[in-house]
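Chemist: Next one to model:
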Amino acid sequence: MPLRRARAIVLRTYRVGESDKIAVFYTVEHGKIRGMAKAARRPRSRFGSSLEVGTEVDLVFFEKPSRELVSVDRCDIVRTRFSRLGEPVLATTLGYLSDLVDALTPERDPNQRIYRLLRATIGSLDEPQLAETRARYFEVWLLRLSGLFPLRRTCPSCGRALRETGARYLTEEHRLECGDCLGRGLPLSRETVDFLEAVVWRTPPGETLEPESDTVLSELGVVSHRILQEHLDKELRSHRVFEDMLRRTKP
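Modeler: Alright, predicted model coming up:
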């Protein structure tokens, strides 16, 4: 079995048997991979806290062409935010973001921009009151990098700038049109369209702007969630937990 190395972020882990774990990693070199970490649940495991969700590691593993799972040999921590992300709001947000990457990315399909986005967003999770802003940014960017978020600056029917008219997202046709030409669909106010343009055209992944109102975050959240539902054809449990947490913690 060839020995391989990769820079990776831990997306999630599953318990297996009495002492093992299966870990899901998003790596720079190989995209998403799954690996068996033998004895990872034992008290004096050599993995320590390196398999905590959101931890960036230097991953060493073996793989065989005929096996879906790689064998994890070692995880050396590069960056951990475990102590800070124990805060409940931030921990819930991290769990949702990691789940999104796991759900949206195919295995063995590396995308360095997604890796950088995930790394930067985890690094920006510092203040619980900004968790929703970070999550909405991440949703839009991840959907954009996955080719799922519809992007338009002008209405395809009348040609007017959407930032002047506001827009509506038409679920059935997966497109944006101005609010004057389309009388149905999910609304995006002018303020939200302006913010969305700033996110996707004027701001690099991982850098965030602050919206002018909670309405912007709410409208972006609704549209992103609908796109995710259409693509995944299922509801992510972590999304429901995240939204419940926002409702409980908002003033």
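Chemist: So for V199, what pLDDT did the model give?
Modeler: pLDDT recorded at V199 is 84.
Chemist: Let me know the helix or strand that the nearest residue to it once chain neighbours are set aside is in.
Modeler: Spatial nearest neighbour of V199, excluding adjacent residues (CB to CB, 6 or more residues apart in numbering): V140 at 5.6 Å. All C-beta atoms are positioned from the backbone trio N, CA, C, and that covers glycine. Taking DSSP states H and E as the criterion, V140 maps to helix 131-145.
Chemist: isn't L90 right up against L125?
Modeler: Yes: under the contact definition of CB atoms under 8 Å, L90 touches L125, with a separation of 4.9 Å.
Chemist: tell me, what's touching these two both at once?
Modeler: Common neighbours of L90 and L125, counting by CB atoms under 8 Å, 6 or more residues apart in numbering, are R84, A131.
Chemist: Contact partners for the spatially closest residue to G185 that is not a sequence neighbour?
Modeler: Once its chain neighbours are removed from consideration, G185 has its nearest residue in R168; the separation is 3.5 Å (CB to CB, 6+ apart). Residues near R168 by CB under 8 Å, 6+ apart: L176, E177, C178, G179, L182, R184, G185, L186, P187, L188.
Chemist: Tell me which residue lies farthest from the centre of this structure.
Modeler: Within the chain, the residue lying farthest from the chain centre (CA atoms, centre = their mean) is C158, at 34.1 Å.
Chemist: Next, it: phi, psi?
Modeler: Listed backbone geometry of C158 is phi -110, psi -10, with angles given as degrees, to the nearest 10.
Chemist: OK, contacts around it?
Modeler: Under the criterion of CB under 8 Å, 6+ apart, the contact list for C158 reads C178, D180, C181.
Chemist: Give me the buried entries from those.
Modeler: Neighbour counting over the contacts of C158 (16 or more other CB atoms under 10 Å) leaves C178 as the buried ones.
Chemist: now the strands: where do they sit in the protein?
Modeler: Taking DSSP state E as the criterion, the chain carries its strands at 3-16, 20-27, 31-37, 56-62, 70-79, 167-170, 175-178, 186-188.
Chemist: returning to that earlier point: let me have the contacts of R168 in a markdown table, extended by distance to T13 and pLDDT.
Modeler: Putting those into a markdown table (distance: CB to CB, whole Å; pLDDT from 0 to 100) gives the following:
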| residue | distance to T13 | pLDDT |
| --- | --- | --- |
| L176 | 38 | 91 |
| E177 | 43 | 93 |
| C178 | 46 | 93 |
| G179 | 45 | 83 |
| L182 | 44 | 81 |
| R184 | 43 | 88 |
| G185 | 39 | 92 |
| L186 | 35 | 95 |
| P187 | 39 | 94 |
| L188 | 37 | 95 |
